[in-house]
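J.: Give me coordinates for this.
(one chain, ligands or ions: 1)
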Amino acid sequence: MIMPQLVLKAGKERALLKQHPWIFSGAIKQLPQAENGDIVQVLDNHNHLLGYGFFSPQSQITCRMIAFTRTPFQANEWQNFWQQKVEKAFQLRQRYIITSLTNAYRLLHAEGDFLPGVIVDVYNNIAVMQLLIKGTERICTQLVQAIQNIGIPYIYLKTKENSTFLENVNLPKGWLTQAPESSLVHIKEHGFEFEVDIEKGQKTGFFLDQRENRLLLQSYTQNQKVLNAFSYTGGFSVYALAGGATEVHSVDISKEATQLCEKNIQLNFAHHVPHQTFIADCFDFLRQTQEQYNVIILDPPAFAKSAKNVPNASRGYKDLNLLAFRKIAPKGIVFTFSCSGNIDRDLFRKIIFAAAADAGREIRILHQLTQPIDHPINIYHPEGEYLKGLVLYVE
Ligand code: SAH
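T.: Residues are numbered from 1 along each chain as shown. This is a model prediction of the structure:
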């Protein structure tokens, strides 16, 4: 099979030789005769093969590498290639995550698992797939096969509202396999139970990336009054209550989210627990509340969805943290996060610094947090580090 070929300018192979998986438009000498989403061969300036990638002619990132290889693949090698990717990813999770206490994890984390554009989260025996770039839909059947081969029977394709590239594609929407009896699944995370709504939940249904940070929070909540801002399914609230909080308030702007949160509290605690939900904007809530919290969690959605939003988003993070620093009781703890890929660790820390300086309180960093191992960061692709968190001690 002759594949279309993309040729790089002299010297532009350097990043690729270091396995950086993105090729920017400026690096290309000759474009392939290919359609959006085709898998193309990538060659250096001397026409030596460097690997294969998904071609995206309209994007700044014109090609995303899926394989680095000097030898061309035979047509019959591809199915095994996809299978290997899934198996390798699964082995890592099997080794460090899946236990009798935790059965929900991210199986495929795009570039972090050497598979750009593909996210797969597993909730017990259901995998939820998100396809983020054109081309991935063509390997969907192979991925479904590979995921079933590792023992996960049900697979659901979750389409983002803005992924128009899936509109005219010959793929079933929703269930890619037989559907399970219910699209509500109960998962376990560190022994706690959560209900995930596969079809209606935000993103793939649950924010698995905060698993270890929730566990850390638990150790800070004994006898504390806790505010969980942007609470969604109430993950942090469950851990706070388990840690012995005297009171937990969960705030989210979405009514459905607060209902999910309440349900999860009931699932985990047989008796009445000191917990209350509020449907509110967290900025307004923090401005207006008369409560004195000892622990505040700030886990907002990504404010910077693109690079051009960074200035506005930075202001948003600063205002939010400033409100928390002003409100929190003396000797309080703030867990603050940003999941905007466009705001890196250094910038986030500067933003928090600015908020701290405005609040004029003595503030120290106790922990610097990130995403867990089922959201691995390819060392050659630092852009994959999206979740940043700080645990702060506010005198
Ligand atoms: N902390 C959660 C994940 C938060 S996701 C967890 O551990 O699972 C972000 C949440 O913020 C969503 O549920 C969304 O409904 C909510 N949200 C977005 N903007 C908001 C705002 N201005 N005020 C309150 N909630 C908001």
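
J.: Give me the phi and psi for the residue lying closest to Leu132 once chain neighbours are set aside.
T.: Nearest residue to Leu132 in three dimensions, chain neighbours excluded: Gly117, at 4.5 Å (Cβ to Cβ, 6 or more residues apart in numbering). C-beta coordinates here come from the backbone N, C-alpha and C atoms, glycine included. Dihedral angles of Gly117 (phi, psi; degrees, to the nearest 10) stand at phi 80, psi 0.

J.: Report the contact partners of Gly117.
T.: Shown in contact with Gly117 (Cβ atoms under 8 Å, 6 or more residues apart in numbering): 54, 64, 110, 131-133, 135-136.

J.: Report the secondary structure element holding Thr62.
T.: strand 61-68 (DSSP states H and E).

J.: Over to Val120?
T.: strand 118-123.

J.: Let me know whether that strand sits next to the ligand.
T.: No: applying Cβ under 6 Å from any ligand atom, one finds strand 118-123 separated from the ligand by no less than 12.5 Å.

J.: just how off-centre is that strand within its chain?
T.: On the basis of Cα atoms, centre = their mean, to the nearest Å, strand 118-123 sits 10 Å off its chain's mean C-alpha point.

J.: helices or strands up against that strand?
T.: Packing contacts for strand 118-123, counted by 3 or more Cβ pairs under 8 Å, 6 or more residues apart in numbering; DSSP states H and E, involve strand 104-109, strand 126-131, helix 140-149.

J.: quick one: which of those is nearest the ligand?
T.: strand 104-109 (11.8 Å; Cβ to the nearest ligand atom).

J.: what angle do the closest one and helix 140-149 make?
T.: Strand 104-109 and helix 140-149 are oriented at 140 degrees to each other (axes from the mean of the first three to the mean of the last three Cα atoms, to 10 degrees).

J.: Can strand 104-109 be said to contact the ligand?
T.: No: Strand 104-109 stays clear of the ligand (Cβ under 6 Å from any ligand atom), getting no nearer than 11.8 Å.

J.: re the thing from before, any chance of the contacts of Gly117 in a markdown table, plus neighbour count and pLDDT?
T.: Shown next, in a markdown table, are the contacts of Gly117 (neighbours: other Cβ atoms under 10 Å; pLDDT from 0 to 100):
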| residue | neighbour count | pLDDT |
| --- | --- | --- |
| Phe54 | 24 | 97 |
| Arg64 | 22 | 97 |
| Ala110 | 23 | 97 |
| Leu131 | 25 | 95 |
| Leu132 | 14 | 93 |
| Ile133 | 19 | 93 |
| Gly135 | 22 | 94 |
| Thr136 | 25 | 95 |
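
J.: What parts of the stretch 151-300 of the chain come near the ligand?
T.: For the stretch 151-300 of the chain, the contact set with the ligand under Cβ under 6 Å from any ligand atom comprises 207, 210, 230-233, 235-236, 251-254, 257, 281-282, 299-300.

J.: among those residues, which are in strands?
T.: In strands, judged by DSSP state E, the following of those are found: 251-252.

J.: Let me know the pLDDT of the residue nearest the centre of the chain.
T.: The centroid of the chain falls nearest to Asp209 when counting by Cα atoms, centre = their mean (6.0 Å). The model reports Asp209 with a pLDDT of 98.

J.: For Leu31, state which of the contacts of Gly117 is nearest.
T.: The nearest member of the contacts of Gly117 to Leu31, counting by Cβ to Cβ, is Phe54 at 14.1 Å.

J.: SS state for the closest one?
T.: Of the three states, Phe54 takes strand under DSSP: H, G, I helix; E, B strand; the rest coil.

J.: who does it bridge with?
T.: For Phe54, the beta-bridge partners are Ile39, Arg64 (DSSP bridges).

J.: which residues does it contact?
T.: Contacts of Phe54 (Cβ under 8 Å, 6+ apart): 37-40, 63-64, 66, 116-117, 133-136.

J.: What of Ser59?
T.: Counting by Cβ under 8 Å, 6+ apart, Ser59 makes contact with nothing.

J.: Now do the SS call for it.
T.: Quick answer, by three-state DSSP: Ser59 is coil.

J.: Which pLDDT value does the model give it?
T.: The predicted local confidence for Ser59 is 91.

J.: circling back: now that we have the helices and strands packed on strand 118-123, can you turn them into CSV and tack on distance to Pro21?
T.: Output for these, formatted as CSV (distance: least, Cβ to Cβ, whole Å):
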stretch, distance to Pro21
strand 104-109, 13
strand 126-131, 17
helix 140-149, 18
